[in-house]
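S.K.: Below is the sequence, then the predicted model.
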Amino acid sequence: MCKIVTRDHDKHMTLPPTRHVLVCGLAGRVAAFASNEFAACPLLSSTRGRSPGMTVNAPASEEDRTFFGQPRPLANLFGVELWERFSFYGMQGILLIYLYYSATEGGLGIQESTATSIVGAYGGAVYLSTILGAWTADRLLGPERVLFLSAVLVMCGHIALALLPGLSGVSVGLILIAIGSGGVKANATSLVGSLYAEHDERRDAGFSLFYLGINLGALAGPLLTGLLQKNAGFHVGFGLAAVGMAVGLAQYAWGRRRLPASAREVPNPLPSRARPMVAVACVAALAAFVLLAVVGVLPANRLATVVVIVSAAAAVSYFVVILTSRRITTVERRRVFAFIPMFLASAAFWSLYQQQFTVVTIYSDQRLDRTLFGWEMPVSWVQAINPVFIIVLSGVFAGLWTRLGDRQPTTPIKFAAGTAIMGIAFVLFLPLAGGGPNSTPLPALAGILLVFTLAELLLSPVGLSLSTKLAPRVFHTQMVALFFLSIALGTALSGTLAGYYEADRETAYFGILGAVAIVLGLALAVAARPITRMMSGVR
């Protein structure tokens, strides 16, 4: 058996003998390559380049350089995020079909467009709640404690989905998972970023390896929950997601002491006199949400649109708060302005990419030929294709950025390329448009998802890294939340856009969205040089 520490946004996974040889061999080659590359890096023991006041846990001994040439605490952060992604993608792999499958098939029989709106709203809420997790870390508890408590919420949410029947289980489960996953994502990423000095060239490589770990969890989740759903029912599949998160929580509880004391520091403590006001505001917001849901102001078929509006308003508010703060320097303010066009490009990218869980899931269920040697594979297995490509290619990208060093493309160029390539992926659906059931060969969809992956690797791990590099010192974790807020906006948009998808309008749907993304990518490429200048030395 093989125990691996893995995978936006990782977990310990024990693979069966039939699969562990391939994954272990791949992991070994990536580790050997990464170790050779990082061993030659003069910044391995350097702490130069850190910004004033930044807490950096630079490697201080040979022991600290044992995790693929990266700081050793990265391994523990991999672990909790891997299992959170295992449960997240395992559950999400079967969520949409659970909502719109008929009762005789074990589902809830909800209308398809309403189901995609719920999935889009839930996905957006996950990333929207990173603001709550980041704020709690920065003002109340510190990132490490919030990470632990958030993982507990995720586990409880999966238990609710597994045990509570009907829409009650969906409502309670998705709310708990959304809040918990947001807290895990914002703080795990922030803690990874704190391991590196500002100009440490290993940073992008470290985030790419972080992404590799995350995707091992994302690979196993849909495979195992989908198999259980097909053979034992939806609730058993949701139960496996709960077990996975429990394993992740246990390993993190055991290893959290290895994180430095700085992980428990509260960067910008909330004054004691302000805490009662915050508590009242939270209770009032929760009561307002419940009231609006009860009176029908928040219908299920418009939930994704509601999350789009809330995400956009939150983003504008956050940028205003950070940019008008007197606690940031002129250079920090300029860097935040540079982040705005990349925030918009990220939102556009995710509005297409996250349709893997809406349009692509429907497409796989109704149009894709999923027959393998006379056996029809579960719908959710299609969502394991992207993680396979990530596992194979993330090490390649990590090595590429490390080898290029300061000769690698700037972050705006990477963002531009990722957005444009995502548009190309949608255009590739056009030759397949208009077919009937089982008309799309599995290799054709796999090829399109490979293009999805190339775009993702250019933008997503680089975006996580960028948010920590451009972050003002007093808004470090909250700047990470802003990047996730772009994902919230894009993910909710993916649910809204999916409502316009119909089989007989595929040419217009894929063509228009693909063209818009390509144009946005080209526009960002044209603006890359002035944006880079505003980043004030950050590449």
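M.R.: Great, that's in hand.

S.K.: in the longest helix along the chain, what's buried?
M.R.: Scanning the chain for the helix with the most residues, using DSSP state H, yields helix 202-232. With burial defined by 16 or more other Cβ atoms under 10 Å, the residues of helix 202-232 counted as buried are 202-230. All C-beta spots, glycine's among them, are computed from the backbone N, C-alpha and C.

S.K.: Now the residue nearest to Lys230 when sequence neighbours are not counted: phi and psi?
M.R.: The shortest distance from Lys230 to any non-neighbouring residue, by Cβ to Cβ, 6 or more residues apart in numbering, is to Pro378 (4.5 Å). Dihedral angles of Pro378 (phi, psi; degrees, to the nearest 10) stand at phi -60, psi 150.

S.K.: ok, the residue lying farthest from the centre of the chain to Gln478 distance?
M.R.: The centre of the chain is farthest from one residue, Arg273, which by Cα atoms, centre = their mean lies 35.3 Å away. Arg273 sits 21 Å away from Gln478, going by Cβ to Cβ, to the nearest Å.

S.K.: What are the boundaries of the helices in the stretch 351-500 of the chain?
M.R.: 359-366, 385-404, 411-427, 442-469, 476-498 (DSSP state H, counting those that start in this stretch).

S.K.: same thing with the stretch 51-200 of the chain?
M.R.: Under DSSP H, counting those that start in this stretch, the stretch 51-200 of the chain gives helices at 74-100, 112-128, 130-136, 143-163, 166-193.

S.K.: any idea which of the ones you listed is most buried?
M.R.: Highest mean neighbour count of the helices of the stretch 51-200 of the chain: helix 74-100, a mean of 28 (counted as mean count of other Cβ atoms under 10 Å).

S.K.: for it, the distance to its chain's centre please.
M.R.: 10 Å (Cα atoms, centre = their mean, to the nearest Å).

S.K.: go on, stretch 114-128?
M.R.: So, by Cα atoms, centre = their mean, the centroid of stretch 114-128 is 14 Å from its chain's centroid.

S.K.: And for stretch 495-506?
M.R.: Distance, centroid of stretch 495-506 to centroid of chain: 24 Å (Cα atoms, centre = their mean).

S.K.: Same check on stretch 393-413?
M.R.: That offset, for stretch 393-413, works out to 20 Å (Cα atoms, centre = their mean).

S.K.: Quick one: end-to-end length of that stretch, please.
M.R.: Counting by Cα to Cα, to the nearest Å, you get 19 Å between the two ends of stretch 393-413.

S.K.: got the buried residues for it?
M.R.: So, applying 16+ other Cβ under 10 Å, buried residues of stretch 393-413: 393-395, 397-402, 408-409, 411-413.

S.K.: Identify the farthest-apart pair in those.
M.R.: Distance extremes for those: the farthest pair is Gly395 and Pro412 at 24.4 Å, using Cβ to Cβ.

S.K.: The residue nearest to Lys230 - how many residues pack around it?
M.R.: Counted with other Cβ atoms under 10 Å, the neighbours of Pro378 add up to 24.

S.K.: What of Ala503?
M.R.: Using other Cβ under 10 Å, Ala503 has 15 neighbouring residues.

S.K.: coming back round to it: quick check, the residue nearest to Lys230 in contact with Leu228.
M.R.: No: with contacts counted by Cβ atoms under 8 Å, Pro378 stays clear of Leu228, the gap being 9.2 Å.
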